[in-house]
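Colleague: here are the coordinates; sequence isn't available:
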């Protein structure tokens, strides 16, 4: 499956995340790739909203991970600061790829590709003009 969507602003980018969330199930991993400012965290906020997470979704850049309660438990990892895949095991986060329960979204997944499960949904976000994003979803 591959789908390409062009969005015109953060609200539309978030809506694509909401739509994807409606199809997610226990054990799913969403691997996000894109340069700084491409909209990864905005997309993740949409996933959370689509999973009925009530708490505000914050970037876990300095914590590496945050977990939220919703329709399914929602885990948000940020691999930006990961320099070696083993670091996730060292801090006890390896079990979130895939999670035993819930959904895991991984920003900067390209930094830990060896840890991303084969059935993950890959989401690539690219700048496509001012406030426009090209989002490619593939499984």
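Modeller: Noted; the coordinates are in hand. If you're wondering where the values come from, they're calculated on a predicted model, not measured in any experiment.
Colleague: give the contact list for residue 14.
Modeller: 42-43, 45-46, 49 (CB atoms under 8 Å, 6 or more residues apart in numbering). Every residue, glycine included, has its C-beta placed from N, CA and C.
Colleague: count of residues packed around residue 55?
Modeller: By the criterion of other CB atoms under 10 Å, residue 55 has 12 neighbours.
Colleague: Run through the residues that contact it.
Modeller: Taking CB under 8 Å, 6+ apart, we find residue 55 in contact with 68-69.
Colleague: now the one residue sitting closest to the centre of the chain: how far from residue 132?
Modeller: Computing the C-alpha centroid of the chain and ranking residues by CA atoms, centre = their mean puts residue 105 first, at 3.1 Å. With the distance defined as CB to CB, to the nearest Å, residue 105 ends up 22 Å from residue 132.
Colleague: what does residue 9 give?
Modeller: As judged by CB to CB, residue 9 and residue 132 stand 8 Å apart.
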